[in-house]
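*Asks:* prediction below, plus the sequence it came from.
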Amino acid sequence: MPGNRKFTRIPPESTGDRIRVSAHTNIFYTGKVDDISPGNQLLLATSGLTGTIARVREDTVSTGMISVNWSAISDDNDATTPVTGENITLAPASGGAYVTVATVATSTPFDTYTNVNTLVSYDNHYRGQKVSPQGEAYVRFGDGAARVGADGKLEVETANVLAEYPFTYTALSEEFADLSAGSATVTHENTSGALLLTTTTGATDLAKYRSHLYHHYVPGVPVIAEQTVVLSDTGKANQTSRWGMFDDNDGLFYEVVNGVISLVRRTSTSGSAVETQILRDDWNGDQLTGMGDQTNPSGVLLDLTKLNVWWIDYTWHGAGIARFGIFAGGQRITCHAESFANTDTVAYMRRASLPISWEIENTGVTASTSEMRCWSASVAIGGPTEPLQEAKTWTNSSAGPIILSGATETAFFSYRPKAIFNGIENHCVAAAQRFNAMAYDSVTGDNGRVRIRVYVAATLAAPTWTSKGDESCLEIDTVGTLSSPGILISEFYLYGDRTWDFADIITIAYRNVIRRADGTIPEYTFTAQREFGTNDMAFDFQIRWKEIIG
């Protein structure tokens, strides 16, 4: 009975043309002992037929009728029919063995048929409308499918770029750490204008380049990472290549191991890094095989030796979604999407704020040298959210007038990231926002003129570094004396009193006040120096900054 007629005939060719139909079977039941609801998975215990209940009609408390959409296997089993008196069993929502809820009544089951409608192109009936397993029509624009973010929302807003990395002129060494080992190198290739990672055949070679910035994840807002990558070959024995958003503990990235590509999730929620690989045959999107079939709707054949723009986007909240893909033919192609909701008892990564990284690692002697190139990369968040605007503000003020004597340059405030923040490696971001100061002659009270400088990597004598607070990612010092200046990054002048916004006085990206990817801790020192006069100068200040915790 199930699906025994999958078509109907139409006149005048009543013995020829067929129109496809879909059937569901109406089965009368009796002796109901438990609830029956639409959506329940059904198994008839004797006939072995399986399906999903589409409709329930209750005639009495124990009798009625159910309409069943058969599973694919049962739908093709035309010779089998429901057996009078056999048990109707349902799969429990919590899993486990099927539970008997009623029996098949003596009334004869019957089928109901519905036309199967297909929308096709008027000039090519092989070009049909595609529908998802949930019954959703695929809607596309002229240049490809509508873009939907990892948060499930249609992308209609301009993404807010957190960081952009064009390697046209340099390798941007101030924004990255070269963590290479052995004879491997990371350089800038002037001819092509690309970042170049190179390994020799040496068994311990590791070319590794990682951003200092851990790009901030805003709860509920997707992170979108894009980068161009090309390999010098399709992979080889004893070698692993990686690119994406990751550090040594957590991340999402592409990986080629011994010539086999996969997608990887790395998580340290157990206390150490654990990786889950998703091989190409298991990608639930476009597997980029060039076959043009259901597993490769784009028809694109991936060639790792040709330049591609690779993307990863994800939401977190601990149980969000991660997606991987490439751009090709003017379209964004999704290769795989992984949802972590209702699957784990812990977050799918320990942290969602991640650096962008590239690696070639030799795990043994290789047959030849290897190269990886990248021309450009960016990390953005979906929508107009600005992390700094949402961040918490901190301040620090002088406890009383600081006396500036003679022409001595006096350090009055320094700050630096904590190495460890509440037991976790600190990769939070801090950014100076506003600076207030006043200076006056300590004898006459007249306005004073003071030169203020900001250094990175100055040498302080006898500093006392203290935490600004349990919820702050910074340590501060107000007692160290300047032994030698470091790199001067700003200089400005005060006469009397004034307030500055740091955007007006210093060109310092918010991502600079962070722990470096190689573990070094940058220290920023503010100094003041009397410009004119013979009397001591009294100086007061307040500095305000924001901290992006994540």
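*Replies:* Cool, the structure landed.

*Asks:* quick check: residue 200 vs residue 366, distance?
*Replies:* Noted for residue 200: a distance of 8 Å to residue 366, by CB to CB, to the nearest Å. To be clear about C-beta, it is placed using only N, CA and C from the backbone, and glycine gets the same treatment.

*Asks:* how about residue 540?
*Replies:* Between residue 540 and residue 366 the computed distance is 63 Å (CB to CB).

*Asks:* contacting residues around the nearest residue to residue 119 once chain neighbours are set aside?
*Replies:* Excluding its sequence neighbours, the residue lying closest to residue 119 (CB to CB, 6 or more residues apart in numbering) is residue 129, at 3.8 Å. Residue 129 makes contact with 118-120, 137-138, according to CB atoms under 8 Å, 6 or more residues apart in numbering.

*Asks:* would you list every one of the helices in the stretch 1-150 of the chain?
*Replies:* 72-75 (DSSP state H, counting those that start in this stretch).

*Asks:* quick one: low-confidence parts of the stretch 401-550 of the chain?
*Replies:* The model of the stretch 401-550 of the chain has pLDDT under 70 over residues 503-512.

*Asks:* flag the shaky bits of this protein, pLDDT-wise.
*Replies:* 1-16, 94, 126, 132-135, 140-147, 149-157, 503-512.

*Asks:* can you pull up the most central residue in it?
*Replies:* The centre of the chain sits closest to residue 314, judged by CA atoms, centre = their mean, with a distance of 3.1 Å.

*Asks:* what bridges to that one?
*Replies:* Judged by DSSP bridges, the bridge partners of residue 314 are residue 223, residue 322.

*Asks:* that one against residue 251, yeah?
*Replies:* No - assessed by CB atoms under 8 Å, residue 314 is found out of contact with residue 251, at 10.2 Å.

*Asks:* give me the common contacts of those two.
*Replies:* Overlap of the contact sets of residue 314 and residue 251 (by CB under 8 Å, 6+ apart) consists of residue 245.

*Asks:* isn't residue 393 right up against residue 543?
*Replies:* No - between residue 393 and residue 543 there is no contact under CB under 8 Å: 11.0 Å.

*Asks:* so which of these two has more stuff around it?
*Replies:* residue 543 (21 against 10; other CB atoms under 10 Å).

*Asks:* how far away is the more buried one from residue 451?
*Replies:* Noted for residue 543: a distance of 17 Å to residue 451, by CB to CB.

*Asks:* please apply the same query to residue 406.
*Replies:* In terms of CB to CB, residue 406 sits 13 Å off from residue 451.

*Asks:* please apply the same query to residue 303.
*Replies:* From residue 303 to residue 451 the distance is 59 Å (CB to CB).

*Asks:* for residue 548, same thing?
*Replies:* 31 Å.

*Asks:* so between those two, which is more surrounded?
*Replies:* Comparing residue 548 with residue 451 by other CB under 10 Å, the one with more neighbours is residue 548, at 23 against 14.

*Asks:* my guess is the more buried one meets residue 218, correct?
*Replies:* No - with contacts defined as CB under 8 Å, residue 548 does not count as touching residue 218, sitting 9.2 Å away.

*Asks:* spit out the residues that contact those two alike.
*Replies:* In terms of CB under 8 Å, 6+ apart, residue 548 and residue 218 are both contacted by the residues residue 387.

*Asks:* can you get me a residue count around the closest residue to residue 301 other than its chain neighbours?
*Replies:* Nearest residue to residue 301 in three dimensions, chain neighbours excluded: residue 290, at 2.8 Å (CB to CB, 6+ apart). A total of 13 residues lie near residue 290 under the criterion other CB under 10 Å.

*Asks:* please shift the residue numbers so they start at 668 in all later answers.
*Replies:* From this message on, residue numbering opens at 668, which makes the last subject residue 957.

*Asks:* phi and psi next, for residue 877.
*Replies:* phi -140, psi 140 (degrees, to the nearest 10).

*Asks:* burial of it, as a residue count?
*Replies:* Other residues within reach of residue 877, judged by other CB under 10 Å, total 22.

*Asks:* buried set for stretch 967-980?
*Replies:* By neighbour count on 16 or more other CB atoms under 10 Å, the buried set for stretch 967-980 is 967, 969, 971, 975-980.

*Asks:* and what of stretch 1158-1170?
*Replies:* 1159, 1161, 1167, 1169.

*Asks:* which of those residues sit farthest apart?
*Replies:* Within these, 1161 and 1169 form the most distant pair, 14.5 Å apart (CB to CB).

*Asks:* quick one: classify residue 1194 as helix, strand or coil.
*Replies:* Secondary structure state of residue 1194, per DSSP: H, G, I helix; E, B strand; the rest coil, is strand.

*Asks:* for it, list the residues it contacts.
*Replies:* Residue 1194 touches 1076-1079, 1119-1122, 1125, 1149, 1152, counting by CB under 8 Å, 6+ apart.

*Asks:* go again with 10 Å.
*Replies:* By CB atoms under 10 Å, 6 or more residues apart in numbering, the contact list for residue 1194 reads 1071, 1075-1081, 1117-1122, 1125, 1149, 1152, 1155, 1158.

*Asks:* try residue 1203
*Replies:* Here residue 1203 is in contact with 1068, 1070-1073, 1108-1110, 1115, 1197 (CB under 10 Å, 6+ apart).
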